[in-house]
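Novice: Sequence below, structure please.
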Amino acid sequence: MFVRNRRWLAVLAGAAAVAVTALATLGSGSAEAHSAVRLSGVAANHKAAGVSVPNGLAPQLRAAVVAQGANAVENPTDWAAFYGYNNNGTLLPLGGTNVEASKTEPDKNTYLVLRGQHGADPGYNYGTHFLFQGHEAGLGGYVTRINLDADPAHRVTVLATRDVDGKPLPAFDGSVWDPFGRTLLMTAELGANGGVWQLGADFTGHATARDISGSLGRGGYEGVQFDRTGTVWIVEDVGGPAAGANGKGKQPNSFLYRFVPTHRGNLTSGRLQALRVDAAPNPLTADSPFETDLHTYGRSFATTWITLHDTATDGSDPFNANALAKARGATPFKRPENGQFRPGTDFRAFAFTETGDTNADSPFNADKGGFGAIFTLSQRDPSANAGTLRMTLRGDLAHTGLDNLSFLDHDRLLVVEDAGDGLHSQRNALDSGYVVEVDHNYADGAAPVRFLAEGRDASATLDAGLAGTPGFQNDGDNEITGIHVSDGDPSVHGLIGTDVPRPFDGHWRVFWTQQHGDNTTWELLRA
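Specialist: Below you'll find the model as predicted:
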């Protein structure tokens, strides 16, 4: 069985390999410090109406499909009949119509090596290598598991569409493995209706998903990570109200949180905290001079964690974390979406993205974070109450909408864009993925290397043309999400941020998802 499965994967990888010609080469130095992987740059893909374009990759890499939206799941459940499509229409519009199935947008990837996992077929051996995702859109939320060792008929398993009480799950964005409690956490980026859900990684035939927002709160939660103490770090993505004279900017409106459990491995009780930048005014508005200070290279700012909610005194009813953060004086950012601990720092350095306004006409683009940024929060210990915040990279028109991120090694961070259809048109460029050297001083004008130039598949091109027509519900251009580097170790030692990654060594693997269109999830391999 495993020989057959490996042969099938080899054929699939070869058929989906992608290689492009390098246009620029990254020099030696810190980019080579902790990895044998040398990545060269490629040009961005332009956007043209009605024109599809393939993805471009650094020539040192190739890409293999691990799942596509049209792949039928092995156990269709409720609205979840395909990996990336609902069952409410055809997978492409029939002639003369704009009606097609809702696309579910598989989001963040979590890779795990687990033994003894089950699926809908009790007689099948599902192997040991798995990739988990929540789905961000469509008729209803669900969680899928890609069985990387399995044949096509057993390739995708639906783990949940409903919670233990039978309620439909919300659309999910973030995911992470909890090695302390041996469960998955899924986050919902739905403002006051969002939060965190917990479920098992194995298929049991019945619902295991539980809403734990009574302790972790409700918010527009997206990025989620654990540190070595068992504390959960959460990055919120809530777009703020329009700001600026032309209304094209946005107020900062999202927070960085951490949940400190009373007992490690049990997330039902503990304290939710939010980050305050001590020098920031309260309230902080988009036109504040402090936004210029925050987005200036070389500046650093003292920070403090403030407690918003403690189950010991405040109970376990769901609560609005965003509202409490504003009331208690935490500092909002311009849509921070995801974060990860820098490996080899003992969880003392946490990098996170700020997406920004995603509009070339925002009046705050020049120096107030309108194009977004990457920040690093440093503390003497992950449990410390005080720290220091500094900007690692300030976005610009060519590098904006910064979203998912994952460390490639100790010194290099992979960061991908979600700029959106409107900004794609404004700058005539689709999304890209970059290699950011976290110790480089980008005040010198250097640009991070583009290792991935996302194209637009035929399905997304069709959807972009249908966008705005009455009744059409799907997004247009493709989006990059789910960049993920992991060796799949499910133990506490395997926490992302513990070991320095060694990608493509046979254990560490790299995945990303091309949302919208065909909803394809890829594995990056050495060319």
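
Novice: Verify the stated contact: H424 with E479.
Specialist: No - here H424 lies out of contact with E479, judged by Cβ atoms under 8 Å, at a distance of 9.9 Å. Backbone N, C-alpha and C define where each C-beta goes, glycine included.

Novice: okay, and the common contacts of those two?
Specialist: With contacts defined as Cβ atoms under 8 Å, 6 or more residues apart in numbering, the residues shared by H424 and E479 are D431.

Novice: Among these two, which residue is more densely surrounded?
Specialist: The neighbour count for H424 versus E479, taken as other Cβ atoms under 10 Å, is higher for E479 (28 against 24).

Novice: Tell me which other helices or strands the helix or strand hosting W177 touches.
Specialist: With secondary structure defined by DSSP states H and E, W177 is part of strand 174-178. With contacts defined as 3 or more Cβ pairs under 8 Å, 6 or more residues apart in numbering; DSSP states H and E, strand 174-178 has these neighbours: strand 110-113, strand 129-134, strand 183-188, strand 221-226.

Novice: want to throw the ones you listed into JSON lines with distance to L256?
Specialist: Shown next, in JSON lines, are these (distance: least, Cβ to Cβ, whole Å):
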{"stretch": "strand 110-113", "distance to L256": "21"}
{"stretch": "strand 129-134", "distance to L256": "21"}
{"stretch": "strand 183-188", "distance to L256": "14"}
{"stretch": "strand 221-226", "distance to L256": "9"}
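
Novice: how about those in a markdown table, adding mean neighbour count and distance to T376?
Specialist: What follows is the helices and strands packed on strand 174-178, written out as a markdown table (neighbours: other Cβ atoms under 10 Å; distance: least, Cβ to Cβ, whole Å):
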| stretch | mean neighbour count | distance to T376 |
| --- | --- | --- |
| strand 110-113 | 22 | 23 |
| strand 129-134 | 25 | 27 |
| strand 183-188 | 27 | 22 |
| strand 221-226 | 26 | 14 |
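
Novice: will you turn the ones you listed into TSV that also has mean pLDDT and distance to D463?
Specialist: As requested, these are arranged in TSV below (pLDDT from 0 to 100; distance: least, Cβ to Cβ, whole Å):
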stretch	mean pLDDT	distance to D463
strand 110-113	98	27
strand 129-134	98	20
strand 183-188	98	24
strand 221-226	98	23
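
Novice: right, so of those strands, which gets closest to D505?
Specialist: strand 110-113 (14.1 Å; Cβ to Cβ).

Novice: send the alpha carbons of the closest one over as PDB?
Specialist: Listed in PDB are the C-alpha atoms of strand 110-113, where the atom choice follows Å, rounded to 0.1, in the frame of the first residue of the first chain:
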ATOM      1  CA  THR A 110      -0.500  22.900   9.800                       C
ATOM      2  CA  TYR A 111       1.700  19.900   9.000                       C
ATOM      3  CA  LEU A 112       2.000  17.000  11.500                       C
ATOM      4  CA  VAL A 113       3.600  13.600  11.500                       C
END
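
Novice: Quick one: distance of that strand to the chain centre.
Specialist: Average the C-alpha atoms of strand 110-113, do the same for its chain, and the two points are 15 Å apart (Cα atoms, centre = their mean, to the nearest Å).

Novice: Give me the packing partners of that strand, helices and strands only.
Specialist: For strand 110-113, the packing partners by 3+ Cβ pairs under 8 Å, 6+ apart come out as strand 129-134, strand 174-178, strand 479-486.

Novice: Could you save those as JSON lines and add columns showing distance to F319?
Specialist: What follows is the helices and strands packed on strand 110-113, written out as JSON lines (distance: least, Cβ to Cβ, whole Å):
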{"stretch": "strand 129-134", "distance to F319": "22"}
{"stretch": "strand 174-178", "distance to F319": "20"}
{"stretch": "strand 479-486", "distance to F319": "28"}
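
Novice: All the helices of the stretch 251-400 of the chain, residue numbers only.
Specialist: Listed in chain order, the helices of the stretch 251-400 of the chain (DSSP state H, counting those that start in this stretch) span residues 289-294, 311-314, 321-328.

Novice: Out of the ones you listed, which is the most enclosed?
Specialist: Among those, the stretch with the highest mean neighbour count (mean count of other Cβ atoms under 10 Å) is helix 321-328, at a mean of 20.

Novice: Can you give the contact residues for that helix?
Specialist: Outside of helix 321-328, the residues within contact range by Cβ under 8 Å, 6+ apart are 191-192, 216-220, 236, 238, 253-255, 257, 272, 274, 283, 306-309, 332.
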